[in-house]
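A.B. asks: Here is my input, please return the structure:
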Amino acid sequence: MLDPATTALLRAVLDEVCASVSRTETGARTHVASKILEAASRGETSADHLKQVGRQALSQAPTMWR
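C.D. replies: Numbering: from 1, shown residues only. This is a model prediction of the structure:
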């Protein structure tokens, strides 16, 4: 289980990475969130690294808006 500070960081990273993605694009947002969460589960808590993971996931996300 993640502590509240880490949870807040992950949410902020997700929101920043997906700022240009509609909230209705649940497939893309879910894909990005899962990759960010995987990285955090491995102990990665650097905001910059999590953003990099998120951006890479977004570029590979299943989406209709590309």
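A.B. asks: Give me the distance from the longest helix belonging to the chain to the chain's centre.
C.D. replies: If you go by DSSP state H, the chain has its longest helix at helix 26-41. Helix 26-41 has its average C-alpha position 5 Å from the chain's average C-alpha position, going by Cα atoms, centre = their mean, to the nearest Å.
A.B. asks: Go through it and flag the buried ones.
C.D. replies: Ala28, Arg29, His31, Val32, Ala33, Lys35, Ile36, Leu37, Ala39, Ala40 (16 or more other Cβ atoms under 10 Å). From N, CA and C alone the C-beta is placed, and that goes for glycine too.
A.B. asks: Need the CA coordinates for it. PDB is fine.
C.D. replies: Output of helix 26-41 as PDB, limited to C-alpha atoms (Å, rounded to 0.1, in the frame of the first residue of the first chain):
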ATOM      1  CA  THR A  26      -9.900   5.900 -20.200                       C
ATOM      2  CA  GLY A  27      -7.800   3.400 -22.100                       C
ATOM      3  CA  ALA A  28      -4.900   5.800 -22.500                       C
ATOM      4  CA  ARG A  29      -5.200   7.200 -19.000                       C
ATOM      5  CA  THR A  30      -5.400   3.700 -17.500                       C
ATOM      6  CA  HIS A  31      -2.400   2.500 -19.400                       C
ATOM      7  CA  VAL A  32      -0.300   5.500 -18.200                       C
ATOM      8  CA  ALA A  33      -1.500   5.100 -14.600                       C
ATOM      9  CA  SER A  34      -0.600   1.500 -14.600                       C
ATOM     10  CA  LYS A  35       2.900   2.100 -15.900                       C
ATOM     11  CA  ILE A  36       3.500   4.900 -13.300                       C
ATOM     12  CA  LEU A  37       2.200   2.700 -10.600                       C
ATOM     13  CA  GLU A  38       4.400  -0.200 -11.700                       C
ATOM     14  CA  ALA A  39       7.500   2.100 -11.400                       C
ATOM     15  CA  ALA A  40       6.400   3.400  -8.000                       C
ATOM     16  CA  SER A  41       5.900  -0.200  -6.800                       C
END
